[in-house]
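Asker: Compute the structure for the input listed below.
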Amino acid sequence: CDVTEFDNDSAIDNNKASLLSAFSSGYILTQILGGYLADRYGAQKVVPISAISTSVILLFLTRETSVTSWTHMYFVMGLVNGPLFPACSVVLTSSVDQSERAKSAAIVDSFAAGGTCMATLTPVLAAYMRYGWKGIFLFVAFAEALIGVACFLWLPPSRSPPSTIAMEKEKTKDPETITIPTTPTLTESLTRILLSTQSLSLYTCHSCDNFCKYILNAWSATMLVEKFNVE
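Answerer: A predicted model of the protein is given here:
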């Protein structure tokens, strides 16, 4: 963005680390909670709320010139974006056949990566557009609002979880032979998920990959300006 819009250059230097890490700090706090909410209330509610909340924050950012305000809003934006990927997983689980889920997840992830690649062009666009970075923020805010409304209208309701389906089947049996399955608590569920060998392998690999990617993404602009005097 155009740093001359902020309070002053010293404020940016003093808050650079906080500003660059604010989004990810908020994002990580609501990842697990987002998955829980999507499982419980359905992605049809979680995704629109996340998208529309992001749209509102982007609109506020176009009017703020304080580095502190930007840092706080980036943090909140991370919080409301945290549930997005878990909610997408719920959509795939509830609406895609098991044999097609890996391919569908790969398509979702590739579009996310494609969006990240396209975002790297926005500083160039901001430099040559009439309305600069504010125009880009307004465009993205409008797109996020449309996506939120579209998801609310067209995302299929989540199917009943397996435990609910099992209970419905049990109701048709002889009352003397009914065995009601117990639903694990949130703590029991998280313990089973997080400590399994498959989960440990997956999230260790994924976290290392994202650590490298986001470190490079967050600091590359600073490095180019400070080390190579790029405008």
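Asker: Tell me how many other residues surround residue 78.
Answerer: In terms of burial, residue 78 registers 20 neighbours under the definition other Cβ atoms under 10 Å. Bear in mind the C-beta positions are built from the backbone N, C-alpha and C, glycine included.
Asker: so what's it up against?
Answerer: Residue 78 sits next to 22-30 when contact means Cβ atoms under 8 Å, 6 or more residues apart in numbering.
Asker: Out of the residues you listed, which one has the lowest pLDDT?
Answerer: Of all those, the model is least confident about residue 24, whose pLDDT is 84.
Asker: which stretch of helix or strand covers that one?
Answerer: For residue 24, the enclosing helix or strand under DSSP states H and E is helix 9-29.
Asker: mind giving me JSON lines with the contacts of residue 78 and columns for distance to residue 132 and neighbour count?
Answerer: Written out in JSON lines, the entries for those read as follows (distance: Cβ to Cβ, whole Å; neighbours: other Cβ atoms under 10 Å):
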{"residue": "22", "distance to residue 132": "22", "neighbour count": "20"}
{"residue": "23", "distance to residue 132": "21", "neighbour count": "20"}
{"residue": "24", "distance to residue 132": "25", "neighbour count": "17"}
{"residue": "25", "distance to residue 132": "27", "neighbour count": "14"}
{"residue": "26", "distance to residue 132": "25", "neighbour count": "20"}
{"residue": "27", "distance to residue 132": "26", "neighbour count": "22"}
{"residue": "28", "distance to residue 132": "30", "neighbour count": "13"}
{"residue": "29", "distance to residue 132": "31", "neighbour count": "14"}
{"residue": "30", "distance to residue 132": "31", "neighbour count": "20"}
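Asker: Can you pull the poorly scored residue ranges out of this protein?
Answerer: For the chain, the stretches flagged by pLDDT under 70 are 1-13, 158-184, 186, 218, 231.
Asker: In it, where's the longest helix?
Answerer: Taking DSSP state H as the criterion, the chain has its longest helix at helix 197-228.
Asker: for it, packing partners?
Answerer: Packed against helix 197-228, as judged by 3 or more Cβ pairs under 8 Å, 6 or more residues apart in numbering; DSSP states H and E, are the following elements: helix 9-29, helix 186-194.
Asker: So which of these is nearest residue 227?
Answerer: Closest to residue 227 of the helices and strands packed on helix 197-228, according to Cβ to Cβ: helix 9-29, at 14.9 Å.
Asker: now for that closest one, which elements pack on it?
Answerer: Packing partners of helix 9-29 (3+ Cβ pairs under 8 Å, 6+ apart): helix 67-81, helix 197-228.
Asker: quick check: angle from that helix to helix 67-81?
Answerer: With axes from the mean of the first three to the mean of the last three Cα atoms, to 10 degrees defining the directions, helix 9-29 sits at 10 degrees from helix 67-81.
Asker: what's the following helix or strand after helix 9-29?
Answerer: helix 31-41.
Asker: Check the contacts of residue 78 against residue 126 and report the nearest one.
Answerer: Of all the contacts of residue 78, the one sitting nearest residue 126 is residue 23; the distance, using Cβ to Cβ, is 18.1 Å.
Asker: between the helices and strands packed on helix 9-29, which gets nearest to residue 35?
Answerer: Distance to residue 35, taken as Cβ to Cβ, is lowest for helix 197-228 among the helices and strands packed on helix 9-29, at 12.3 Å.
Asker: Any buried residues in that closest one, and which?
Answerer: Neighbour-count burial for helix 197-228, counted by 16 or more other Cβ atoms under 10 Å, picks out residue 214.
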